[in-house]
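Q: task: produce atomic coordinates for the following.
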Amino acid sequence: MLKRLILIFILISSVHHINATHYQFKHYDSNDGLSQNSVLSICQDHIGFMWFGTRNGLCRFDGKSFRTYRRSELPGALGNDHISTIFQGPNNELWIGTDCGLYIYSPISDSFRLLNEKANDGTTITGTVNIIVSNKKKIYIASLGQGVFVYDIASKKLVHHALKDTPAIMSMAIGDNDTVWVGCFHSGLHYTQDNFAHILAYKDAQNNYILKEHSITGIVIKGQDLFFSSSTNGLHKLHFPSRTVSSCITSHEGKGLFAHSLLSINDNLLMMTETGLFVYNISNGSQCFYKEEATNPYSLSDDHLQTAFLDKDGGIWIGTYFGGVNYSPNMSYTFVNYSSFGFRIQAV
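A: Residues are numbered from 1 along each chain as shown. Sure thing, here's the model as predicted:
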């Protein structure tokens with residue numbers, strides 16, 4: 001499906017090859033059929049369709065055109081238009097987090113059903129579902145104001161943990177031994193090793209809450225290091241053996257960075273911020289910065305970036321808040337446009 005996009009993108013570009021990772025972007029917005037230009041979540045299904053969650057509907061893209069699913073009272077319809085997260089669940093179904101609970105999409109019937117099963121304490125998922133992650137045995141569902149629900153894939157049972165003493169969850173990632181790492185609002189890094197029966201704040205070797213003031217919006221684990229983005233000052237690295245935190249990218253042009261999410265691609269970390277896209281190489285510490293450029297048709301369409309997704313072909317999709325979705329294909333060779341002004345990329 002996406003091979004046609006890659007071919008078209010190469011043909012329309014006036015290009016030269018360089019030995020570095022540089023991104024050019026094709027833009028899709030409401031003029032192309034996207035339901036709304038704020039793209040909050042992205043996923044690819046088992047067939048290859050791309051799915052985009054917006055503040056006004058769920059969109060499916062086949063490489064040529066968009067199909068939009070919106071709230072309706074009809075049986076089998078989606079029950080809410082604000083799509084906060086999309087997750088590829090069991091049986092090739094999509095789990096759709098909305099402002100009012102969780103819906104499951106069946107590709108066989110092309111329909112939705114509300115996940116309204118009661119948890120162990122009788123609670124159902126009714127809040128804003130902003131995060132869904134899985135370790136292939138259990139699915140962890142963060143619902144704002146409700147805590148976390150743990151869905152056992154084998155038994156199909158739901159367990160609820162209110163987490164009353166834990167602030168709103170902003171990010172989650174699965175680590176070694178099925179440890180779940182949790183980023184919280186203005187409360188730093190937490191973790192659980194027993195499926196949220198207990199959740200602990202992370203401390204350094206001196207028993208201090210070293211990440212206490214951070215709102216952690218993204219988590220990526222690489223070997224003995226945990227990288228995290230924050231809503232106040234960008235990208236940091238936690239080294240597990242020493243329990244120390246070091247800064248990677250914290251500011252741009254003298255201003256702190258409000259990061260929304262992280263995406264890991266080989267040795268690169270892509271950080272989506274309200275200033276643009278930052279790419280950090282974890283091997284050598286090099287950095288690149290991408291932003292919207294009015295005179296460059298291959299730049300980002302917007303600087304306010306929300307989320308990103310790596311598709312099965314190695315293409316990168318970036319959701320923006322005002323400019324729809326941006327797509328950069330995976331090409332055997334990396335191309336960059338030149339002009340009288342030089343490269344279309346800026347170094348940090």
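
Q: leaving out the residues flanking it, which one is nearest to residue 264?
A: Using C-beta to C-beta, 6 or more residues apart in numbering and skipping residues adjacent in sequence, the residue nearest residue 264 is residue 220, 4.6 Å away. (Glycine included, C-beta is placed from N, CA and C.)

Q: repeat for residue 205
A: Spatial nearest neighbour of residue 205, chain neighbours left out: residue 243 (4.7 Å); criterion: C-beta to C-beta, 6+ apart.

Q: and what of residue 159?
A: Take residue 159 and drop its neighbours on the chain: the residue closest to it by C-beta to C-beta, 6+ apart is residue 150, 4.6 Å away.

Q: now do the helix or strand harbouring the residue nearest to residue 264: distance to the chain's middle.
A: Remark: residue 220 resides in strand 216-222, with elements defined by DSSP states H and E. Taking the mean of its C-alpha atoms, strand 216-222 sits 10 Å from the chain's own mean (C-alpha atoms, centre = their mean, to the nearest Å).

Q: swap in stretch 175-183?
A: On C-alpha atoms, centre = their mean, the centre of stretch 175-183 falls 17 Å from that of its chain.

Q: who does the most centrally placed residue in the chain bridge with?
A: Nearest to the mean C-alpha position of the chain, counting by C-alpha atoms, centre = their mean, stands residue 307 at 4.3 Å. For residue 307, the beta-bridge partners are residue 319 (DSSP bridges).

Q: I figured it was touching residue 316, is that so?
A: No - contact criterion C-beta atoms under 8 Å: residue 307 and residue 316 do not qualify, at 11.3 Å.

Q: what's the burial count for residue 326?
A: Residue neighbour count, defined by other C-beta atoms under 10 Å, stands at 28 for residue 326.

Q: that older thread, partners of the strand holding residue 220 in the sheet?
A: Paired with strand 216-222 in the same sheet, following DSSP bridges, are strand 225-230 (antiparallel).

Q: buried sites along the helix or strand following the partner strand?
A: Counting by DSSP H and E, the element after strand 225-230 in chain order, helix or strand, is strand 234-239. Going by neighbour count (16 or more other C-beta atoms under 10 Å), the buried part of strand 234-239 is 234, 235, 236, 237, 238.

Q: go on, stretch 273-292?
A: Buried residues in stretch 273-292, counted by 16+ other C-beta under 10 Å: 273, 275-280, 282, 287-292.

Q: what of stretch 167-175?
A: Residues of stretch 167-175 classed as buried: 168, 169, 170, 171, 172, 173, 174 (neighbour count, 16+ other C-beta under 10 Å).

Q: and the residues you listed, which is closest to residue 25?
A: Distances from residue 25 to the buried residues of stretch 167-175, taken as C-beta to C-beta, are shortest for residue 171 (24.6 Å).

Q: my read is that the closest one contacts residue 219, right?
A: Yes - the criterion here is C-beta under 8 Å, and residue 171 meets it with residue 219 at 5.0 Å.

Q: can you check which residues contact both of these two?
A: 183, 228 (C-beta atoms under 8 Å, 6 or more residues apart in numbering).

Q: which residues touch stretch 201-216?
A: For stretch 201-216, contacts defined as C-beta under 8 Å, 6+ apart pick out 170-171, 183-191, 228-232, 236, 238, 242-245.

Q: go on, stretch 263-276?
A: 21, 218, 220, 222, 227, 229, 234-235, 248-249, 252, 255, 257-262, 277-283, 289-292, 300, 303-310, 316, 318.

Q: mean confidence score for it?
A: For stretch 263-276, mean pLDDT rounds to 97.
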